[in-house]
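J.: Please find the sequence and the predicted model below.
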Amino acid sequence: MNASLNEKLKTVKWGEFKLGDLFDVLPYKKRFDANKVSLVENGGHPYIVRQSTDNGKKGNIDESVSFLNPGNTISFGQDTATMFYQEVPYFTSDKIKILKPKDAEFSKKNAQFFLSSMRKTFSSFAWGSSRFNVETLKEQLIMLPITNHGKIDFTFMESFIADLEEERVAKLSTFLTVSGLDNYELSSEEKDALKNYTSLKWDAYNLEKLFGKSTRGKRLKGDDRIAGTLPFVTAGETAEGISAYISNHVEVFEKNTTTIDMFGSAKYRNYQYGADDHVAVVHTESVPMKASIFLTSAIHKAAHTGKFDYGHNFYAKDADALDIMLPTKDGKPDYDAMATLISAVQKLVIQDVVIYADKRI
């Protein structure tokens, strides 16, 4: 963030507010089980779950509109502290609370400021340490800009968000150009990979047979963590599960590996890190990077099924027993096909980003 924006934050007046004074904390209209809903490609309405990606959206489902939660609200994962602004009405899974604003000025233009403050409040959240029911959510305090009359300064928030977006878009454009990522033209191999995706041959592979036994991290209590530069991964969705940066003497896991947390949520790590006892590490170091990303997606699909929770944690032994579906060739995983597919998908995503950045500029 540039100096002028930092100065704005320093000079504005701040007030402390309870979430319960700002929002009505509502339960979902109807619980939709993530393992039983049928996603639709066309039509329907967003289905919001506790995941930390894609604004919490797992896909669209076609259900009675009487079960829709209102738009212009914040969806909150009560045991994950994942939170997103939802512009349009949506369905939810269980454990999602709906934060409906009490002030009519709350909108898409200022929602990200609210979310930034809320995420700061919940930044110390750790899996298993607490759950947020309606009453505890209402008592959480957040800091917001205020006017001289003590009211929430929506004008400041909207102006700040607009300035911040302008700065970030400019940086994004520069980064894409310098890194060469603005070249999103698909190669002939990548085009063929996308075209022939449905004709790929697939087979089931056991993780332990592919990569040996998975490793379980070791517990390191928050009070014992010494500040440093090593990412420390715990079971959580916020910040990709990184709860702290430490300098403690812990086992350091190599980059290009996959972690699976206690709920079966898999994430790719392209950096060295430490991990606590709620995290299993799958040793995919020898696999090409983009193929490893594909593997992580396959692992997540097989492990994150809703089977694992606080009462039934996912451990390293569960990773060893996990079977995943992969493209296959000559009786072996086709890592070349996986890498090419990921490269193609990456370019398609970057294409949208480049077009967005160009339009905003």
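T.: Nice, thanks for sending it over.
J.: For stretch 11-30, buried residues please.
T.: Phe17, Leu19, Gly20, Leu22, Phe23, Val25, Tyr28, Lys29 (16 or more other CB atoms under 10 Å). (Glycine included, C-beta is placed from N, CA and C.)
J.: ok, Gly71 touching Phe91?
T.: No - using CB atoms under 8 Å, Gly71 is not in contact with Phe91; the gap is 11.9 Å.
J.: In terms of neighbours, single out the busier of these two.
T.: More crowded of Gly71 and Phe91, by other CB atoms under 10 Å: Phe91, with 27 against 15.
J.: and the residue nearest to Met83 when sequence neighbours are not counted, how far is that from Glu87?
T.: Spatial nearest neighbour of Met83, excluding adjacent residues (CB to CB, 6 or more residues apart in numbering): Phe76 at 4.8 Å. As defined by CB to CB, to the nearest Å, Phe76 lies at a distance of 16 Å from Glu87.
J.: When those two are compared, which one has more neighbours?
T.: Neighbour count, other CB under 10 Å: between Phe76 and Glu87, Phe76 has more, with 24 against 14.
J.: so the more buried one bridges to which residues?
T.: Using DSSP bridges, the bridge partners assigned to Phe76 are Met83, Lys97.
J.: And the strands in the stretch 201-350 of the chain?
T.: For the stretch 201-350 of the chain, strands defined by DSSP state E, counting those that start in this stretch occupy the ranges 202-206, 215-216, 227-233, 242-246, 257-261, 266-269, 274-275, 279-282, 323-329, 332-333.
J.: Mean pLDDT for the ones you listed - can I get that in CSV?
T.: Output for these, formatted as CSV (pLDDT from 0 to 100):
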stretch, mean pLDDT
strand 202-206, 97
strand 215-216, 95
strand 227-233, 96
strand 242-246, 94
strand 257-261, 96
strand 266-269, 96
strand 274-275, 96
strand 279-282, 96
strand 323-329, 96
strand 332-333, 96
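J.: Of all those, which one is nearest Lys138?
T.: Taking CB to CB, strand 242-246 is the member of these nearest to Lys138, at 24.9 Å.
J.: doesn't Thr234 make contact with Ile246?
T.: No - look at Ile246 against Thr234 with CB under 8 Å: they stay out of range, at 11.2 Å.
J.: more crowded one of the two?
T.: Taking other CB under 10 Å, Ile246 and Thr234 do not tie; Thr234 has more neighbours (27 against 19).
J.: So for that one, what's the nearest residue that isn't a sequence neighbour?
T.: Ser243 (4.3 Å).
J.: Could you check how many residues crowd around that neighbour?
T.: 22.
J.: And for the one 10 residues further on?
T.: Counted with other CB under 10 Å, the burial measure for Phe253 works out to 21 neighbours.
J.: The stretch 1-150 of the chain: helices as residue ranges?
T.: Secondary structure of the stretch 1-150 of the chain (DSSP state H, counting those that start in this stretch): helices at 3-11, 19-22, 108-121, 134-139.
J.: was I right about Glu189 contacting Ala337?
T.: No - using CB under 8 Å, Glu189 is not in contact with Ala337; the gap is 9.9 Å.
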